[in-house]
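In: I'll drop the sequence and a predicted model, then ask my questions.
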Amino acid sequence: MQDCIFCKIIKGEIPCYKIYEDDYVLAFLDIAKDVYGHILVLPKTHCKNILHVEEKTLNRVISAVKKISNHLVDNCGFDGVNILNNSEKGALVKHLHFHIIPRHDEDGLKVFPEFSGVDCDLGEVCEKLKIKEEVIDIVPTQKVVLYTDGACSGNPGLGGFGAILLHNGKQKIVSGGEENTTNNRMELMAVIRGLEAIKIPCEVDIYSDSAYVVNAFLQNWIGSWQAKGWKTAGGGDVLNIDLWKRLLIQVNKHKVSWHKVKGHADNELNNACDELARKEIDKLRN
Ligand code: AMP
Ligand code: ZN
């Protein structure tokens with residue numbers, strides 16, 4: 001993102017006091033000088049906050065948070081840490097980051113706010129807030145139908161994907177969005193996240209309107225790419241290798257049949273996936 005201060009730090013356009021870096025994550029001292037050793041840990045790709053980050057990216061950031069925290073305690077004489085994050089509410093910088101506040105036993109800091117208390121029935125709160133996701137109990141050799149679609153506003157731009165799984169009369173919906181992505185990546189993500197929602201090997205019929213995704217398998221482009229070390233027929237690098245590899249892991253788990261559907265036509269479930277994808281883009285816009 002062009003005007004994101006943390007992206008500028010990542011690109012080296014603004015200096016920072018670097019504490020840790022790997023291929024995906026950067027950690028540096030917060031300039032606030034409010035607490036000794038206050039560190040910010042963030043992904044090197046721009047994403048707004050924890051509500052929008054891809055799970056894989058988040059996992060990498062959290063692993064770095066743990067690594068740095070352990071280092072602070074094991075090698076730097078601290079007794080523990082507090083980890084803070086603002087998502088939508090209270091964030092000054094809209095690039096996902098975790099604050100690490102190093103702590104000493106007797107430092108007297110009160111990092112967790114003192115709330116004023118609330119009168120409520122915890123049973124009711126639980127009923128309202130718990131995740132009532134339908135669990136699909138799939139037994140081996142069962143059949144799943146997976147509809148998918150991806151969308152992008154601008155290419156690259158804000159993207160969204162949606163997937164609908166059908167199994168034994170039950171339906172499960174998966175959707176998500178990403179900033180600064182492409183239509184093809186979203187089409188791939190729709191299939192990946194749909195398949196990742198299936199917990200055991202199944203026969204899966206995949207319906208997608210993306211010729212890019214479907215033909216990669218039906219015309220075995222993917223076989224030739226792999227045989228050439230992920231190079232195209234022209235010798236260039238295959239785009240989106242990360243997602244193709246992630247998709248292959250899933251495809252190899254199941255017995256997959258690919259079906260190309262016409263986009264934006266009269267296929268109700270394909271249209272429903274398109275709508276899920278567009279809603280995710282709207283969420284990113286707001
Ligand atoms: P948050 O309120 O969670 O968005 O936190 C943003 C943090 O970024 C604040 O603690 C700022 O002090 C810190 N910050 C802003 N600009 C810089 C910078 N150029 N280098 C290091 N930290 C910064
Ligand atoms: Zn950024």
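Out: Done, it's in. These numbers come from a predicted model, not from an experiment. Ligands and ions are numbered 1, 2, ... in the order given.
In: indicate the residue of the stretch 51-200 of the chain located nearest to ligand 2.
Out: Among the residues of the stretch 51-200 of the chain, His95 lies closest to ligand 2, at 3.3 Å counting by C-beta to the ion. Any C-beta I mention is one placed from the backbone N, CA and C, and that applies to glycine too.
In: once you drop chain neighbours, what's closest to that residue?
Out: Nearest residue to His95, sequence neighbours excluded (C-beta to C-beta, 6 or more residues apart in numbering): Phe6, at 3.9 Å.
In: please apply the same query to Leu84.
Out: Taking C-beta to C-beta, 6+ apart, and ignoring the residues beside it in sequence, Leu84 has His99 as its nearest neighbour in space, at 4.1 Å.
In: tell me, how many residues neighbour the one you found?
Out: Using other C-beta atoms under 10 Å, His99 is surrounded by 20 other residues.
In: element containing it?
Out: Secondary structure assignment for His99, by DSSP states H and E: strand 98-103.
In: show me what that strand pairs with in its sheet, parallel or antiparallel.
Out: In its sheet, strand 98-103 lies beside strand 39-43 (antiparallel), strand 80-84 (antiparallel), with partners assigned from DSSP bridges.
In: quick check: Gln219 vs Glu124, distance?
Out: Distance, Gln219 to Glu124, using C-beta to C-beta, to the nearest Å: 55 Å.
In: residue contacts, the residue in the stretch 151-286 of the chain positioned nearest to ligand 1?
Out: Nearest to ligand 1, among the residues of the stretch 151-286 of the chain, is Glu179, at 16.7 Å (C-beta to the nearest ligand atom). Residues touching Glu179, when contacts are defined by C-beta atoms under 8 Å, 6 or more residues apart in numbering, comprise 1, 46-48, 52, 158-159, 284.
In: any idea of the mean pLDDT for the helix or strand hosting it?
Out: Using DSSP H and E, the secondary-structure element containing Glu179 is strand 170-181. pLDDT averaged over strand 170-181 equals 96, rounded to a whole number.
In: do stretch 235-250 as well
Out: According to the model, stretch 235-250 has a mean pLDDT of 95.
In: let me see the residues that make contact with it.
Out: Surrounding stretch 235-250, the residues in contact under the criterion C-beta under 8 Å, 6+ apart are 182, 184-185, 188-189, 191-192, 195-196, 216, 222, 225, 230-232.
In: thanks a lot, see you next time.
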